[in-house]
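Student: Please work out how this folds:
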Amino acid sequence: MNETVYEWPLRISLLCSSWFRDNLDFSFQIQGPEELTSNLRTLNGSITVQGVTGNQMLHTNSGNIMINNIEGQVRANSAGGSVDVTDSAGQFNLRTVAGNVQTTDVRGEVRARSASGNINIINLDGTLVCATASGNIDAIFKDVTYGIHAESASGNISLVLPGNRGYQLDIRGSSINRKPAFWIRFNPIF
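Tutor: Now for the predicted structure:
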């Protein structure tokens, strides 16, 4: 049995005539080495990357981006879809125009921006810098390593921080209420 061996870097380009373009639907899976640098782009599809280390650049115009079990530096941009990161560590720069950003069980630095979607950060052990124009920000921290910067032009911000720590809060806004526009809860550490 002959196996096809691909040299890295691997480049795949798919071209089709305009006659097929409206009816073309395909998917493919690339299995590579555990340490991998990627630059993946699609116009109308979703991207899933999992189980690798290294630098990942991911871009889609109208699909979702799913990232799982990644270590390294990740830049993920989606114009019309959501970005979801789980069980990963490193530096994450996550952007979407019309979708949500969500991270779950991430260690490291998260920079998230959404024009009209929500930002949900669950069990972050690290630093958060995030902004949304018309969405809500909800963040639950396991630990804060450097700091938090969260801004929303017309949405609510809710933070759950580890207890028994010293925090300096600088809260600014055109309309600030204790509930529900800006809510901070401190969890006890056991």
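
Student: pull the longest strand from this protein.
Tutor: strand 137-152 (DSSP state E).

Student: Check the gap between Ala112 and Asn118 for me.
Tutor: Distance, Ala112 to Asn118, using Cβ to Cβ, to the nearest Å: 10 Å. The C-beta positions use only the backbone N, C-alpha and C, and glycine is treated the same way.

Student: More neighbours: which of the two?
Tutor: Neighbour count, other Cβ atoms under 10 Å: between Ala112 and Asn118, Ala112 has more, with 28 against 19.

Student: I'd like to know how far the more buried one sits from Leu124.
Tutor: Distance of Ala112 to Leu124, given as Cβ to Cβ: 10 Å.

Student: Overlap in contacts, these two.
Tutor: Thr103 (Cβ atoms under 8 Å, 6 or more residues apart in numbering).

Student: just checking, Thr103 is part of a helix?
Tutor: No: Thr103 sits outside any helix when classified using DSSP: H, G, I helix; E, B strand; the rest coil, being strand.

Student: Just give the closest residue to it, not the sequence neighbours.
Tutor: Val85 (4.4 Å; Cβ to Cβ, 6 or more residues apart in numbering).

Student: so that neighbour makes contact with Asn100?
Tutor: No: between Val85 and Asn100 there is no contact under Cβ atoms under 8 Å: 11.8 Å.

Student: what's in contact with stretch 84-98?
Tutor: So stretch 84-98 is contacted by 64-83, 101-117 (Cβ under 8 Å, 6+ apart).

Student: Please identify the buried residues of that stretch?
Tutor: For stretch 84-98, the neighbour count (16 or more other Cβ atoms under 10 Å) marks 84-90, 92-97 as buried.

Student: Please compute how far it lies from its chain's middle.
Tutor: Relative to its chain's centre, stretch 84-98 lies at 2 Å (Cα atoms, centre = their mean, to the nearest Å).

Student: and it, C-alpha only, in PDB?
Tutor: The C-alpha trace of stretch 84-98 is given here as PDB (Å, rounded to 0.1, in the frame of the first residue of the first chain):
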ATOM      1  CA  ASP A  84     -14.700  29.500  20.200                       C
ATOM      2  CA  VAL A  85     -11.500  28.500  22.200                       C
ATOM      3  CA  THR A  86     -11.400  25.600  24.700                       C
ATOM      4  CA  ASP A  87      -8.700  23.900  26.800                       C
ATOM      5  CA  SER A  88      -5.900  26.000  25.400                       C
ATOM      6  CA  ALA A  89      -2.800  28.000  26.500                       C
ATOM      7  CA  GLY A  90      -0.900  30.900  25.000                       C
ATOM      8  CA  GLN A  91      -1.700  34.200  23.500                       C
ATOM      9  CA  PHE A  92      -5.000  34.600  21.700                       C
ATOM     10  CA  ASN A  93      -6.100  37.500  19.500                       C
ATOM     11  CA  LEU A  94      -9.700  36.800  18.700                       C
ATOM     12  CA  ARG A  95     -11.900  39.100  16.500                       C
ATOM     13  CA  THR A  96     -15.300  38.900  15.000                       C
ATOM     14  CA  VAL A  97     -17.600  41.500  13.400                       C
ATOM     15  CA  ALA A  98     -21.100  39.900  13.700                       C
END
